[in-house]
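1. Okay, sequence plus prediction incoming.
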Amino acid sequence: MEHVDPNFWKNNKSDSKKIGKKKNNLKKGPFSRSEQNLVDHALKLVLQEEGILYEIGEIRRLISLARKDLPKNFWKRVAIHIPLRSVESVYDHARRRLSSKNYKGKWSPEDIFKLKKLVSIYGRQWTKIGANLNRLPGACYDKWRDALKSGEKRKKGKWVQQERCKLLQLIIRQTGHDTIQEQGVEKMIRWTVVAEKIGTRSYLQCRNEWARFFSPGSKVKLNFFDCLKLLEAISLLEVADETEIKWGELLEGVPAHKTYNKWRSLCRKFLKNHGEKFNLKISFKNAVFVIKERLPNFLFRKKAS
């Protein structure tokens, strides 16, 4: 990648939107592995410009610093190398993945109890809470929102019919009857508002329940030929791994969670122990090829039996 002038953003404010960063075109959601590699490479370039040696320990220390304590325009200069990602999303991703202040282990019941206690002490001062738990403020907020916001009222397990009816009514209020079955309607839904109105479920529970039972294409069942179409669509993509795939765009009328779950199911069925005999890690492209080869044979054996 080319060298980035440290004064680029200062001198080219009017041109900053011309480098693939237009707000409407920005990507959201998890970073793919290739994007993670871009972030790592961009960090290395910016550190080199500052005369700082690229070492993982130094990276973790720097990323943990407040923006005012970093070199000028540090995150803007990093983000310029990651197409279709905002400065804020690059900043948040790097902090969550690399910051020394973010303990990324699974939340234990004890951790959640501590979080609950700290919220009762500090309210929503997530910076103070994060410092006490050795986690980033955003991670603490996300866990509180997902696990504690509904308090003792929060339910787990299967939804009852009354809850589903209320969920559907709340979503229709936001989207309208005419658009509720259109592809992409989920982008219009404000899940935190829905969860607050439900009162007994987190925003993730609401979103997942909608995807499973009410979203366009949620009732579709993928057959053998659909699986072949899915594999063919994946094989035509020039991607290095599954994190780069837009699963909702592979089969017309089939939502993303359906195609992704089917892909994972095929992997479990046809890649189990594949390569372990030779101590090899199978590549993504080889995985698609192996499944495409084995799927017809599996159907033939099933019919024969």
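-> Thanks, I have it.
2. Do you have the helices of the stretch 201-305 of the chain handy? List them.
-> 203-213, 224-235, 256-270, 284-304 (DSSP state H, counting those that start in this stretch).
3. So which elements touch the shortest one?
-> Taking 3 or more CB pairs under 8 Å, 6 or more residues apart in numbering; DSSP states H and E as the contact definition, the neighbouring helices and strands of helix 203-213 are helix 161-175, helix 191-198. In this view, the C-beta of every residue, glycine as well, is placed from N, C-alpha and C.
4. of those helices, which approaches residue 66 most closely?
-> Comparing the helices and strands packed on helix 203-213 by their distance to residue 66 (CB to CB), the top pick is helix 191-198, with 27.2 Å.
5. For the closest one, list every residue counted as buried.
-> Neighbour-count burial for helix 191-198, counted by 16 or more other CB atoms under 10 Å, picks out 191, 194, 195, 198.
6. My guess is the third one contacts residue 208. True?
-> Same thing as residue 195. No - Residue 195 is not in contact with residue 208 according to CB atoms under 8 Å; the separation is 11.4 Å.
7. just to revisit the earlier point, considering the buried residues of helix 191-198, which is situated nearest to residue 283?
-> For these, the nearest to residue 283 is residue 191 (35.5 Å; CB to CB).
8. Now the closest one: closest residue in space, sequence neighbours ignored.
-> Nearest residue to residue 191 in three dimensions, chain neighbours excluded: residue 203, at 4.1 Å (CB to CB, 6 or more residues apart in numbering).
9. Return the residues in contact with that neighbour.
-> Residue 203 sits next to 145, 146, 191, 192, 194, 195 when contact means CB atoms under 8 Å, 6 or more residues apart in numbering.
10. Format those as TSV; extra columns: distance to residue 255 and pLDDT.
-> Shown next, in TSV, are those (distance: CB to CB, whole Å; pLDDT from 0 to 100):
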residue	distance to residue 255	pLDDT
145	24	84
146	22	80
191	16	89
192	21	87
194	18	91
195	20	89
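11. low-confidence ranges in the stretch 151-300 of the chain?
-> Applying pLDDT under 70 to the stretch 151-300 of the chain picks out residues 152, 273-281, 300.
12. one step back: between all of the buried residues of helix 191-198, which two are at the greatest distance?
-> Longest distance between any two of these is 10.1 Å, between 191 and 198; criterion CB to CB.
13. what do these two both touch?
-> residue 206.
14. Which pLDDT value does the model give residue 47?
-> On pLDDT, residue 47 comes in at 92.
15. scratch that, residue 4 is what I was asking about
-> Looking at residue 4, its pLDDT is 40.
16. What of residue 19?
-> Residue 19 is given a pLDDT of 44.
17. Return the set of buried residues in stretch 54-63.
-> Here stretch 54-63 shows 59, 62, 63 as buried, counting by 16+ other CB under 10 Å.
18. Mind putting the buried residues of helix 191-198 into CSV with distance to residue 231?
-> Below are these laid out as CSV (distance: CB to CB, whole Å):
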residue, distance to residue 231
191, 32
194, 35
195, 36
198, 38
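19. Among these, which one lies nearest to residue 176?
-> residue 194 (14.8 Å).
20. Just give me the neighbour total for residue 122.
-> Counted with other CB atoms under 10 Å, the neighbours of residue 122 add up to 13.
21. hang on, isn't it packed against residue 128?
-> Yes - Residue 122 is within contact range of residue 128, at 4.9 Å (criterion: CB under 8 Å).
22. who touches both of these two?
-> Counting by CB under 8 Å, 6+ apart, residue 122 and residue 128 have no shared contacts at all.
23. List the buried residues in stretch 117-130.
-> By 16+ other CB under 10 Å, the buried positions in stretch 117-130 come out as 118, 119, 126, 129, 130.
24. Quick one: mean pLDDT for the host helix or strand of the last one?
-> Assignment of secondary structure by DSSP states H and E places residue 130 within helix 126-133. For helix 126-133, the mean pLDDT works out to 91.
25. C-alpha coordinates for it, PDB please?
-> Coordinates of each C-alpha in helix 126-133 appear next as PDB, following Å, rounded to 0.1, in the frame of the first residue of the first chain:
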ATOM      1  CA  TRP A 126     -19.500   2.600  31.000                       C
ATOM      2  CA  THR A 127     -15.900   3.800  31.100                       C
ATOM      3  CA  LYS A 128     -15.800   3.400  34.900                       C
ATOM      4  CA  ILE A 129     -17.600   0.100  34.700                       C
ATOM      5  CA  GLY A 130     -15.200  -1.200  32.000                       C
ATOM      6  CA  ALA A 131     -12.200  -0.200  34.000                       C
ATOM      7  CA  ASN A 132     -13.400  -2.300  36.900                       C
ATOM      8  CA  LEU A 133     -14.100  -5.300  34.700                       C
END
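26. Output the contacting helices and strands for that helix.
-> In this structure, helix 126-133 makes packing contacts with helix 109-122, helix 137-143, judged by 3+ CB pairs under 8 Å, 6+ apart.
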